[in-house]
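In: have a look; sequence and predicted model below, questions after that.
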Amino acid sequence: MKNDFFSKKITNWYLQHKRDLPWRNTQNPYYIWLSEIILQQTRVAQGMPYYYKFVNAFPTIQDLANAEENEVLRLWQGLGYYSRARNLHKTAKMVVEDYNGIFPKKYSELLKLKGIGTYTAAAIASFSSGEKVAVLDGNVYRVLARVFGETTDISGKDAKKVFTQLAESVLPDDNSAMHNQAIMEFGALQCTPALPNCMFCPLSMECIAYATGRVGVLPVKSKKIKVKERFFNYFIIEQNGNFAMRKRKGRDVWEGMYDFYLKECEENIQDLLYLATEDMFLTDLMKKSLIKRESITYTHILTHQRIQTKFWHLEVQENFLVDLPQELEWYSLNEVDDLPKSTLVNNYLKEFVF
DNA sequence: GAGGCGTGGCG
DNA sequence: TCGCCAAGCCT
């Protein structure tokens, strides 16, 4: 295949088939950055409403930097991978303080920022200034693996080097912005993971996977995910319309999001008395409370975890004073609504409390 | 550098 | 129901 043939083909295809997406109508690195962080491991349809929410709430990077972290997380609520939102906020503050509020456009500078890795730096640099750097994301892995019959395992450690070299070899000297958009859009719409329609593909004549009947097995991906089982018992502690909640900390799911008093077990425990044994706080609480609701067991699915969860909604009687553990604090219903919460917690609140 | 991090959609 | 995926990054 001639050097620029590949790029010509996909950019021509792109001009005919591209979606009109809002972040493609700007060269402002701030807006491009917002869209790229939102779209990490996320479908366009899922990320789109969040892009509009963030642009409206924070028209400039100064607006984002001046916000509270909780406000940023609350806006991100429901999108998942919440470290993206925490890093988004950190980076906004850093750009305002260290870069005079001017969002960088250079690949090497972008890489220094929290939450921006090789893919995102290449995307922002090429889209905002045309810098000649090749993007390498899931789409690019797939397109290159199929067209060039590259069988290197994309979950292995050699993959990044091998595919980066391939991606750079097809990158034209000029037009890197459109080329990068094109190869990703081509992967998203034409060279899809499952059942691509190769009859309509402009590269079917050159595609090695197609010629050798290996479209279904490329790219090679050996690593399988292991799913861990977990069992949560959430205690919704309510008194006079106020709720006891805490901000999650540490290296676990939903860091920075708010939830309730939690007892995690090795198995699904249905017995409240058993849960309270050796827990002084719960034991005391049960003397002062009525069980307002005992929920069914919900199964919340994450990529690496299946969390079986039961909610115990306790209403503390008016005349009792409850000594909350360190991390818990009382919040009114309006405050609860404003706090950032996981989808698991938010779904329960939406169904039974709000 | 292998493992961890969310949610929703699809076959 | 289940597994895989969707514009990756951090530790």
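Out: Good, I have the coordinates. Being a predicted model, the structure only gives us computed values, none of them experimental.

In: now stretch A:102-120 - C-alpha only, PDB.
Out: Written as PDB, here are the backbone C-alpha positions of stretch A:102-120 (Å, rounded to 0.1, in the frame of the first residue of the first chain):
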ATOM      1  CA  ILE A 102      -4.200  29.400  28.800                       C
ATOM      2  CA  PHE A 103      -4.800  25.800  27.900                       C
ATOM      3  CA  PRO A 104      -1.700  24.200  26.400                       C
ATOM      4  CA  LYS A 105      -1.800  22.900  22.800                       C
ATOM      5  CA  LYS A 106       1.600  21.200  22.600                       C
ATOM      6  CA  TYR A 107       1.700  17.400  23.000                       C
ATOM      7  CA  SER A 108       4.600  17.500  25.400                       C
ATOM      8  CA  GLU A 109       3.000  20.100  27.600                       C
ATOM      9  CA  LEU A 110      -0.400  18.300  27.600                       C
ATOM     10  CA  LEU A 111       1.200  15.100  28.800                       C
ATOM     11  CA  LYS A 112       2.100  16.800  32.100                       C
ATOM     12  CA  LEU A 113      -1.500  17.400  33.000                       C
ATOM     13  CA  LYS A 114      -3.500  15.100  35.300                       C
ATOM     14  CA  GLY A 115      -5.900  12.800  33.400                       C
ATOM     15  CA  ILE A 116      -4.200  13.400  30.100                       C
ATOM     16  CA  GLY A 117      -2.300  10.500  28.700                       C
ATOM     17  CA  THR A 118      -0.800   9.700  25.300                       C
ATOM     18  CA  TYR A 119      -4.100   9.400  23.500                       C
ATOM     19  CA  THR A 120      -5.700  12.500  24.900                       C
END
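
In: that stretch close to DNA strand C?
Out: Yes: using Cβ under 7 Å from any atom of the strand, stretch A:102-120 reaches DNA strand C at A:114-120. No exception for glycine: its C-beta is placed from N, CA and C like everyone else's.

In: list the buried residues of the one helix or strand residue A:178 maps to.
Out: Taking DSSP states H and E as the definition, residue A:178 sits inside helix A:176-189. Using 16 or more other Cβ atoms under 10 Å as the burial criterion, the residues of helix A:176-189 that qualify are A:176-188.

In: that older thread, which of the residues of stretch A:102-120 next to DNA strand C are buried? Put it as a ChimeraX command.
Out: Only the buried entries of those go into this ChimeraX selection, using 16+ other Cβ under 10 Å:
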select /A:115,116,118,119,120
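
In: in the stretch 201-350 of chain A, which spans are strands?
Out: Applying DSSP state E, counting those that start in this stretch to the stretch 201-350 of chain A gives strands spanning A:228-239, A:242-247, A:258-259, A:261-265, A:289-301, A:305-316, A:329-332.

In: any chance of these in CSV, with mean neighbour count and distance to DNA strand B too?
Out: CSV is the format used below for these (neighbours: other Cβ atoms under 10 Å; distance: least, Cβ to the nearest atom of the strand, whole Å):
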stretch, mean neighbour count, distance to DNA strand B
strand A:228-239, 19, 7
strand A:242-247, 19, 13
strand A:258-259, 22, 11
strand A:261-265, 15, 12
strand A:289-301, 13, 6
strand A:305-316, 19, 6
strand A:329-332, 15, 19
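
In: I'd like the ones you listed as a markdown table, with mean pLDDT appended.
Out: As requested, the strands of the stretch 201-350 of chain A are exported to a markdown table (pLDDT from 0 to 100):
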| stretch | mean pLDDT |
| --- | --- |
| strand A:228-239 | 95 |
| strand A:242-247 | 97 |
| strand A:258-259 | 98 |
| strand A:261-265 | 94 |
| strand A:289-301 | 94 |
| strand A:305-316 | 95 |
| strand A:329-332 | 97 |
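
In: adding distance to residue A:218, write the ones you listed out as a markdown table.
Out: Formatted as a markdown table, the strands of the stretch 201-350 of chain A follow (distance: least, Cβ to Cβ, whole Å):
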| stretch | distance to residue A:218 |
| --- | --- |
| strand A:228-239 | 30 |
| strand A:242-247 | 44 |
| strand A:258-259 | 42 |
| strand A:261-265 | 41 |
| strand A:289-301 | 28 |
| strand A:305-316 | 30 |
| strand A:329-332 | 51 |
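
In: can I get the residues of stretch A:102-120 next to DNA strand C in JSON lines with pLDDT and secondary structure?
Out: Output for the residues of stretch A:102-120 next to DNA strand C, formatted as JSON lines (pLDDT from 0 to 100; DSSP: H, G, I helix; E, B strand; the rest coil):
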{"residue": "A:114", "pLDDT": "96", "secondary structure": "coil"}
{"residue": "A:115", "pLDDT": "97", "secondary structure": "coil"}
{"residue": "A:116", "pLDDT": "97", "secondary structure": "coil"}
{"residue": "A:117", "pLDDT": "96", "secondary structure": "coil"}
{"residue": "A:118", "pLDDT": "96", "secondary structure": "helix"}
{"residue": "A:119", "pLDDT": "96", "secondary structure": "helix"}
{"residue": "A:120", "pLDDT": "97", "secondary structure": "helix"}
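
In: quick check: phi and psi on the residue nearest to residue A:258 when sequence neighbours are not counted?
Out: Leaving aside its sequence neighbours, residue A:258 sits nearest to residue A:339 (Cβ to Cβ, 6 or more residues apart in numbering; 4.3 Å). Reported as degrees, to the nearest 10, the phi and psi values for residue A:339 are phi -70, psi 150.
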